[in-house]
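**Student:** what's the 3D shape of this:
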Amino acid sequence: MTKSVYFTAAEGNSGTRAVARVVIEQLKKDYPNLGVFRAFTNGPISTDDEFKELLAQVGRADDLDIAWGTTRKAYFTDEDAAMTDLVKRYTDYAHNFDAVLILGLLDGDPVNPGVLARTGRAAANLGTSVFLVVSGALRSPTEIMDMSHLVTLEIQGENAPISAVAITHADRVTAEEQGPMHGDTPIIYFYEGEQVELEHHDAETIKGAMEHGSEVITPLSFQSSLISRARGDRKRIALPEASDERILRAADELISREVADIILVGDKPEILGRAENLGLDLSRAEFVSPEDPERIEKYATEFARLREKRGVTYEQAVETLKDLSYFATMMVHMDDADGMVSGAVNTTANTIVPSFQIIKTKPGAKLVSSCFLMLMEDRVYVYGDCAVTTNPNPEQLAGIAVSSAETAVQFGVDPRVAMLSYSTGTSGAGPDVDAVVEATSLAKEMSPDLPIEGPIQYDAAVEPKVAATKLPDSEVAGRATVFIFPELNSGNIGYKAVQRSAGAVAVGPVLQGLNKPVNDLSRGALVEDIVNTVAITAIQAQS
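**Tutor:** Reported below is the predicted structural model:
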């Protein structure tokens, strides 16, 4: 994973020009393959002379057209769209490097209202920390301390950590005289009128800032990590709904960003003609005709074999394969694709039933279930099962818990499982509570090392103060990351309530328990949803 740090001034003309050059020279010693990326440009990139000079310093002058995220004007016009573009462009640029210095506010840049909050949001969405430059000009040590403290609070208020602070234009005073401005945050002093010569601990501070990272996961940073992981080991993903414009637009983005090798099922001339009309380039996609006689014979023979106990004949298998979901699922089963994504046009059943019949469950899985990756403001939760299993019995519910925890691990979430109920601990009784009690016990037997708590109410699962009252000795209560709903009714209501009321981004449903990855789309899926689901499917195929 590429390391990064967001280098930015706290205010206009803070002395970033000299500091940036020193920081880059030091970083080049630790990271020979170093990139420089401009988060926000002031307009035409060709006029950003300071940025061009810093690019040249790392030997990347030719990257001028691709090493920037968005413009300040675009941000003020539509913040969400501009931030999405910033993260996408950074993700596509950064994977070429060991480390990237992201440039924020520099000397000469306009200082607009809200610049510090924007800095914090940008750094959080890029999954990095902030290297802050504060001017000490005409300020006493106390004033420097106060200024730094206020700036830090505003940036941290947007979920971005501060990893280092550079004080410029300072009078020659000792660090002790400056006071403990940032607790454990290391400080580098650049004294007025002196040539900068870094001491050993300063060099370590710069390297430490680059390696600091961030524990905060925003929706944009999580989606960026999906793209990066999928790109790291590209898989072949079949898309059987190539008649849908959203699928074609997603395929174009997936191919251009090298997220996965896309297989489009359908008539090649017809798809390419449609793509040309839409201004898309699908020339690098693989095309598979569902009328290819060799494939039909191969897939129908195997499908009839798989379903012979159900009385399925070869002729019936041929007829079944006219359903493109079955056809694409057979591609996955026969290793002609590594995964399949469908559902933009067809129902969930059209996607899932073929996988039940053909791919089936992997060893140890009790059933095929689903979960949603719920992207909150600063973290990721896993909700299961909210889409597939209607009324699981205790054994099935335990299986859903273990599978959901495995999915959490697969996507970088440390699993602490809450078996949800209207009761916490022994506070309630009844058949519904008893079922969760039994499921919790079975899940612990299935996965002894997995932190599991149940039955537990949602507030006790997420809120430390409530947990301290209701389950003070629990390692899960107040810190849960995986939430298992007792049945589909509550699960579907729960995830949609959080999605719509809390503004969470719901990614999924992610199918789990299958031998090979197949995933379902909502028929209202956006292009972004399709891209994310393909990336998830590719990551599942990697393992």
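
**Student:** ok, the closest residue to V318 other than its chain neighbours to A317 distance?
**Tutor:** Computed as C-beta to C-beta, 6 or more residues apart in numbering, the closest residue to V318 that is not its neighbour in sequence is A300, at 4.6 Å. Glycine gets a C-beta too; all of them are placed from N, C-alpha and C. Taking C-beta to C-beta, to the nearest Å as the measure, A300 falls 4 Å from A317.

**Student:** again with V332
**Tutor:** Going from V332 to A317 by C-beta to C-beta gives 16 Å.

**Student:** with neighbour numbers in mind, choose between these two.
**Tutor:** V332 (26 against 22; other C-beta atoms under 10 Å).

**Student:** doesn't the more buried one belong to a helix?
**Tutor:** Yes: secondary structure of V332 (DSSP: H, G, I helix; E, B strand; the rest coil): part of a helix.

**Student:** would you agree it is in contact with L239?
**Tutor:** No: contact between V332 and L239 fails when scored by C-beta atoms under 8 Å: they sit 11.9 Å apart.

**Student:** need the residues touching each of those two.
**Tutor:** M340 (C-beta atoms under 8 Å, 6 or more residues apart in numbering).

**Student:** contact partners for G104?
**Tutor:** Here G104 is in contact with 6-9, 39-40, 119, 122-123, 130 (criterion: C-beta under 8 Å, 6+ apart).

**Student:** export those to CSV and tack on secondary structure and distance to F287?
**Tutor:** Shown next, in CSV, are the contacts of G104 (DSSP: H, G, I helix; E, B strand; the rest coil; distance: C-beta to C-beta, whole Å):
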residue, secondary structure, distance to F287
Y6, strand, 42
F7, strand, 45
T8, strand, 46
A9, strand, 51
A39, strand, 39
F40, strand, 40
T119, helix, 45
A122, helix, 39
A123, helix, 42
V130, strand, 46
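
**Student:** any chance of the residues you listed in a markdown table, plus distance to A230?
**Tutor:** Listed next are these as a markdown table, based on distance: C-beta to C-beta, whole Å:
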| residue | distance to A230 |
| --- | --- |
| Y6 | 24 |
| F7 | 28 |
| T8 | 30 |
| A9 | 35 |
| A39 | 24 |
| F40 | 27 |
| T119 | 29 |
| A122 | 23 |
| A123 | 24 |
| V130 | 28 |
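
**Student:** and stretch 2-16, what's buried?
**Tutor:** Under the neighbour-count criterion of 16 or more other C-beta atoms under 10 Å, stretch 2-16 has 2-10, 13-16 buried.

**Student:** so which residue is smack in the middle of the protein?
**Tutor:** F222 (1.6 Å; C-alpha atoms, centre = their mean).

**Student:** which element is it on?
**Tutor:** Using DSSP states H and E, F222 sits in helix 219-232.

**Student:** and the next helix or strand past that helix?
**Tutor:** Sequence order places strand 236-239 as the next helix or strand after helix 219-232, per DSSP H and E.

**Student:** can you give the contact residues for that following strand?
**Tutor:** 247, 250-251, 254, 260-265, 286, 288, 328, 331-332, 336-342, 534, 537-538, 541.

**Student:** please export the alpha-carbon coordinates of stretch 440-457; PDB is fine.
**Tutor:** What follows is stretch 440-457, C-alpha atoms only, in PDB (Å, rounded to 0.1, in the frame of the first residue of the first chain):
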ATOM      1  CA  THR A 440     -24.300 -17.200  20.200                       C
ATOM      2  CA  SER A 441     -23.300 -20.400  21.900                       C
ATOM      3  CA  LEU A 442     -23.000 -22.200  18.600                       C
ATOM      4  CA  ALA A 443     -21.100 -19.400  17.000                       C
ATOM      5  CA  LYS A 444     -18.600 -19.500  19.800                       C
ATOM      6  CA  GLU A 445     -18.100 -23.200  19.300                       C
ATOM      7  CA  MET A 446     -17.600 -22.800  15.600                       C
ATOM      8  CA  SER A 447     -15.100 -20.000  16.000                       C
ATOM      9  CA  PRO A 448     -13.600 -20.000  19.600                       C
ATOM     10  CA  ASP A 449     -11.200 -17.100  19.000                       C
ATOM     11  CA  LEU A 450     -13.800 -14.800  17.600                       C
ATOM     12  CA  PRO A 451     -15.100 -12.100  20.000                       C
ATOM     13  CA  ILE A 452     -18.900 -12.600  20.100                       C
ATOM     14  CA  GLU A 453     -21.500 -11.100  22.400                       C
ATOM     15  CA  GLY A 454     -25.200 -11.900  22.500                       C
ATOM     16  CA  PRO A 455     -27.900 -11.400  23.000                       C
ATOM     17  CA  ILE A 456     -27.300  -7.600  22.900                       C
ATOM     18  CA  GLN A 457     -29.200  -4.500  22.000                       C
END
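
**Student:** buried residues of it, list them for me.
**Tutor:** Buried-residue list, stretch 440-457, by 16+ other C-beta under 10 Å: 440, 442-444, 446-447, 450-457.

**Student:** what's the answer for stretch 82-101, then?
**Tutor:** Those would be 82-95, 97-101, for stretch 82-101 by 16+ other C-beta under 10 Å.

**Student:** what about these, which are in helices?
**Tutor:** Judged by DSSP state H, the buried residues of stretch 82-101 include 82-94 as members of helices.

**Student:** and of those, the nearest to T390?
**Tutor:** Comparing those against T390 with C-beta to C-beta places T84 closest, at 35.8 Å.

**Student:** okay but the closest one is in contact with L220, surely?
**Tutor:** Yes: between T84 and L220 there is a contact under C-beta under 8 Å: 6.5 Å.

**Student:** and for R89, nearest residue in space, chain neighbours not counted?
**Tutor:** G69 (5.0 Å).

**Student:** how far away from the center of its chain is the strand or helix carrying the one you found?
**Tutor:** Remark: G69 resides in strand 68-71, with elements defined by DSSP H and E. Put simply, strand 68-71 sits 20 Å off its chain's centre (C-alpha atoms, centre = their mean, to the nearest Å).

**Student:** touching the next helix or strand after it from outside, list them.
**Tutor:** Going down the chain from strand 68-71, the next helix or strand is helix 72-77, by DSSP H and E. Counting contacts by C-beta under 8 Å, 6+ apart, the residues outside helix 72-77 that touch it are 40-43, 81-83, 85, 110, 112, 118.

**Student:** same thing but 6 Å
**Tutor:** For helix 72-77, the surrounding residues in contact (C-beta atoms under 6 Å, 6 or more residues apart in numbering) are 40, 82.

**Student:** cool, and stretch 396-414?
**Tutor:** Residues outside stretch 396-414 that contact it (C-beta under 6 Å, 6+ apart) are 366-367, 369, 371, 380, 382, 384-385, 415, 417, 439, 442-443, 446-447, 450, 481-482, 484, 512-513.

**Student:** in strands, which of these fall?
**Tutor:** Counting by DSSP state E, the part of the contacts of stretch 396-414 found in strands is 369, 371, 380, 382, 384, 417, 482, 484, 512.

**Student:** and of those residues, the nearest to K362?
**Tutor:** Nearest member of the ones in strands among the contacts of stretch 396-414 to K362, counting by C-beta to C-beta, is Q512, at 9.2 Å.
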